[in-house]
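Asks: Got a sequence here, can you build the structure:
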Amino acid sequence: HQGDESKFKNLLRLVSPDLLKDWGKENFKTEMNKFVVRNRKRDAISLEGQPLFLGRNVNHVNVELSAAETEFHHKLREYIKEAYKQSENLSGNRKNAVGFLLVTFQKIASSSLFAIRKSLEARLNLLNNPNISSKKNIDAEEFEGESEETLIQASEYLYSFKSEISYLETLIKYIDENIQKDSKIEVFIDLLKNTIFKENPDEKILIFTEYRQTQIHIENELKRRLGNPNIQLINGDVPIFEREKNVEIFKSEQGRFLISTEAGGEGINLQFCHIIINFDIPWNPMRIEQRIGRVHRYGQKKIVDAYNLFTGDSIEGMVTQTLEKKLNLICKQIGKDDELEKNSFKEGVLGELHEIVDFSKLYQKAVLDEQLFLWEESEIEARLKEAVNSYNNMQSYFDKLNRFDKTFYENLKSKVSLADLEKFIIRYLEFSKRKISKSAFGTYKFLTPERFKNDNLAKEYKDVTFDRKLSKSNPNLEFLGIGNP
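Replies: Alright, predicted model coming up:
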């Protein structure tokens, strides 16, 4: 909806061209009841009265950098500022390309020390060997981080300013000679060992990062520090069918870690896992919601624990904390105390904010001039208010919609349970003198009684189960329930 009534009505017309033909402004909301049923997550329950959506805990984990790491980030910022200053005289498109490239360095540096070193090295290699440059496609939004890594070697970014090679060599040398350990990895491993695994040593962990090099780094460190556990990967180079296979392995008893880039941020269901670690923070906060949504969804049996790693004085850290602080304040002011309702509100507002704010430009300003962040914070607040208003306008269209009526569905529910059906079928087969065999897994094999052989039924049934969950886990089983012919 996004606060735009005409846009919303046009979307409804895609459902049916004549849908809004006789709708006036007064009966618009009333007519909507015919097409939309609205439920809050906190109200969604099973027929047994159990909540379908449990809560979630979002934990911000601050990474305190060493003095050497802090100095490196300072030197990197100086390089970015100098490069941007030197590009001021370039023409529009080329200047924008260079600016985007430089901001990308800042984003990669926030992800991991390993990734930024690889990127600086790739940039240096390009400038020393221009013939290796290539044209890269960076249009796919779901591969944004991975695409950004390829920019370093793209031909359109070949422009170099005076002494850039010297800057790059100095930065790489500083990492090699002065930084003995990666503080972020240390905090990450400590979080696993002393918080998550302390409660359950066999916990499955979903880890998100924007960058392939960071993914490689995490994988290597997990193998080195935790005795080579089972690790599955999802990234832009992994075909769809292989992603599904990797998810199945992660779901199995042997699976321990799934490390994914944004390629896994949508379209995969991981509700069998309830721990998620965002190793880096996307500059678009809606991406965090999409990541958490992989596990906090229908079918999740536990409260989701999400951990966001960032350095408190980093740009993404400041923006994330500013948004969180202001959203929590708004929730308090309007009386949203229920955790599920609060999370739903935040998710909705961030979705609206995504349509209003160009986060790339916002961050670019902050990267080039830290003092601008004071202005950007007030800008965030103004845009946040705009997003809240847009969200509330959308909600007003749905506040009178019908909601899920449990009693209606209870009246439809069969009085016969699957256990009752199982007993009845077994007794009838025994009465009909049919041999029944039951496997160790609880599945049945039997011959169809004579009187039903002309009713389009199979002569023999193998691998039959009355267990709905078991049938879902094995497509080769035949589920025998009410309605099965």
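Asks: all strands of the protein, in order?
Replies: 56-62, 205-208, 231-234, 257-260, 275-278, 304-310, 436-438, 444-447, 460-465, 478-479 (DSSP state E).
Asks: Tell me which of those lies nearest to residue 104.
Replies: Proximity to residue 104 (CB to CB) singles out strand 304-310 among those, at 17.6 Å. Placement of C-beta: from N, CA and C, glycine included.
Asks: export that closest one as CSV, just CAs?
Replies: This file holds the C-alpha atoms of strand 304-310, laid out as CSV (Å, rounded to 0.1, in the frame of the first residue of the first chain):
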residue,chain,number,x,y,z
VAL,A,304,14.3,-17.3,17.5
ASP,A,305,17.6,-15.8,18.8
ALA,A,306,19.3,-13.4,16.3
TYR,A,307,22.7,-11.9,16.9
ASN,A,308,23.9,-8.9,15.0
LEU,A,309,27.7,-8.3,15.0
PHE,A,310,29.0,-4.8,14.4
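Asks: Quick check: end-to-end length of stretch 185-205?
Replies: 15 Å (CA to CA, to the nearest Å).
Asks: same deal with stretch 44-58?
Replies: Termini of stretch 44-58 sit 22 Å apart (CA to CA).
Asks: Quick one: distance of it to the chain centre.
Replies: On the basis of CA atoms, centre = their mean, to the nearest Å, stretch 44-58 is displaced by 20 Å from the centre of the chain it belongs to.
Asks: Same check on stretch 102-111?
Replies: Using CA atoms, centre = their mean, the offset of stretch 102-111 from its chain centre is 20 Å.
Asks: which residues sit against that stretch?
Replies: With contacts defined as CB atoms under 8 Å, 6 or more residues apart in numbering, stretch 102-111 is touched by 73, 76-77, 79-80, 83-84, 115-116, 119-120, 145, 148-149, 151-152, 209-211, 213-214, 279-281, 283, 310-311, 314-316, 360, 363-364, 367.
Asks: Restricted to helices, list those residues.
Replies: 73, 76-77, 79-80, 83-84, 115-116, 119-120, 145, 148-149, 151, 213-214, 315-316, 360, 363-364, 367 (DSSP state H).
Asks: List the residues that contact the residue lying closest to residue 44 once chain neighbours are set aside.
Replies: Using CB to CB, 6 or more residues apart in numbering and skipping residues adjacent in sequence, the residue nearest residue 44 is residue 52, 4.3 Å away. Contacts for residue 52 (CB under 8 Å, 6+ apart) come out as 41, 44, 45, 46, 298.
Asks: ok, which stretches of the stretch 151-300 of the chain are helices?
Replies: For the stretch 151-300 of the chain, the helices defined by DSSP state H, counting those that start in this stretch occupy 164-178, 183-191, 197-199, 212-225, 240-251, 286-292.
Asks: now the first one, how far from the chain's geometric center?
Replies: In terms of CA atoms, centre = their mean, the gap separating the centre of helix 164-178 from the centre of its chain is 34 Å.
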